[in-house]
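1. sequence first, predicted coordinates after that:
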Amino acid sequence: MRILVIRNNSNPKAIDASALLSAYLSSQGIDWVCVDAGSLESSSGRESVRRTCGTSFDLAVALGGDGTMLRTAHLLAPGDVPILGVNFGNLGFLSNASEDGVIAPVAAALAGEAAVEHRANLRIDVVCEGCVDPWADEPTGAADAAADADGADDEAGPQEFFALNELALTRGANGRIIDIELGISGSHVMDARGDGLVVSTATGSTAYALSAGGPLVAPGFQGLVVVPVAPHSLCSRAIVTAAGDVVEIGLDEDGVYRKATLFVDGEMLSFDRLVRRVYVRKGDRPTRLLRVGGKTFYDRASEVFF
């Protein structure tokens, strides 16, 4: 058996807990690897950890808050390693409580006594100007000609990203509001102007989507939640989709209201060209979170939000 321990090194309680856990795992003859959560903040950092430690683990233990849980999920995606979180942060909605220490929940997980939650995640495909859009009937716009002129690789396809909580598309550094065309599974839903849009999983419904006015959604739900952010409208509403739906986001073609910034689970994405379209759907393989104790989602929601 091999266990991955992700520790928030800026949290003294998490450091103390990892020391206790390492002693316990060693006493049980279990192989373990400890990684600083801070090294997982970027795709290059995660790739470095994968090269060093591999991704073949029987269990991942995240010691910290929800941020540590998200970084652990990104590191292991799209694998099938179960993640046990023990909360030493503030909210810790994804993690288990730490009142009983770290050994008890880990021992329960190793004994097969933890409940498994299969959480839907997101597959996000971003199409930039001059790149091929496999889902569109037409090329990606006027930048195609410019790309041909400067010798850029206009045969490049969409860039793919993973998220457990959400994709947030927000206005860029110039501070302008942005125009968004929203479609779902081929149907045009609305043209919206505002600060942006959040597309979340049920897991992410308790994060940014909630702050933007979205609903709380039970973690077993497999669809998506689409929430406009500060819309310049009196009739804009959140939308809850079916599990198989694809959320399609287009940005204003003339460039005046389209300089948007994209974040996946709080991590900013960087592109060489302007983003033209974004496609968001449920990932092919769920993220497995382990839950120890008898509290339900509604128990935790009542304690945290009400």
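-> That came through, no problem.

2. which residues of the stretch 151-300 of the chain fall in helices?
-> Secondary structure of the stretch 151-300 of the chain (DSSP state H, counting those that start in this stretch): helices located at 208-211, 297-305.

3. so which elements touch the shortest one?
-> Counting contacts by 3 or more C-beta pairs under 8 Å, 6 or more residues apart in numbering; DSSP states H and E, the secondary-structure elements packed against helix 208-211 are strand 166-171, strand 187-200. The C-beta positions use only the backbone N, C-alpha and C, and glycine is treated the same way.

4. need the winner for burial among those strands.
-> strand 166-171 (a mean of 24; mean count of other C-beta atoms under 10 Å).

5. quick check: angle from that strand to strand 187-200?
-> Relative orientation of strand 166-171 versus strand 187-200 (axes from the mean of the first three to the mean of the last three C-alpha atoms, to 10 degrees): 110 degrees.

6. so G283 makes contact with N121?
-> Yes. G283 is within contact range of N121, at 4.2 Å (criterion: C-beta atoms under 8 Å).

7. tell me how far P231 lies from A192.
-> 6 Å (C-beta to C-beta, to the nearest Å).

8. no wait, T241
-> To A192, T241 is 16 Å away according to C-beta to C-beta.

9. equivalent analysis for P134, please.
-> For P134 relative to A192 (C-beta to C-beta), the value is 25 Å.

10. check contacts around the spatially closest residue to A301 that is not a sequence neighbour.
-> Leaving aside its chain neighbours, A301 sits nearest to L216 (5.8 Å; criterion: C-beta to C-beta, 6 or more residues apart in numbering). Residues near L216 by C-beta atoms under 8 Å, 6 or more residues apart in numbering: 205-206, 210, 301, 305.

11. where does the stretch 201-306 of the chain have low pLDDT?
-> 254-257 (pLDDT under 70).

12. again, but for the stretch 51-200 of the chain
-> 137-155.

13. now with 50?
-> Within the stretch 51-200 of the chain, the ranges that satisfy pLDDT under 50 run 142-152.

14. where do the strands of it begin and end?
-> 59-64, 83-87, 115-119, 122-128, 159-163, 166-171, 178-184, 187-200 (DSSP state E, counting those that start in this stretch).

15. chain center to the first one, what's the gap?
-> When you say that, I think you mean strand 59-64. 17 Å (C-alpha atoms, centre = their mean, to the nearest Å).

16. one more: stretch 186-193?
-> Stretch 186-193 sits 23 Å away from the centroid of its parent chain (C-alpha atoms, centre = their mean).

17. render the CA-only coordinates of it in PDB, please.
-> Extracted in PDB, the C-alpha atoms of stretch 186-193 (Å, rounded to 0.1, in the frame of the first residue of the first chain):
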ATOM      1  CA  GLY A 186     -26.700  23.500 -29.100                       C
ATOM      2  CA  SER A 187     -29.600  25.800 -27.900                       C
ATOM      3  CA  HIS A 188     -29.000  29.500 -27.600                       C
ATOM      4  CA  VAL A 189     -30.000  30.600 -24.000                       C
ATOM      5  CA  MET A 190     -29.100  34.200 -23.700                       C
ATOM      6  CA  ASP A 191     -26.800  37.100 -24.500                       C
ATOM      7  CA  ALA A 192     -25.600  38.600 -21.200                       C
ATOM      8  CA  ARG A 193     -23.500  41.600 -20.300                       C
END
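
18. so which residues make contact with that stretch?
-> Stretch 186-193 is contacted by residues 177-183, 228, 231-233, 236, 239, 248, 257 when judged by C-beta under 8 Å, 6+ apart.
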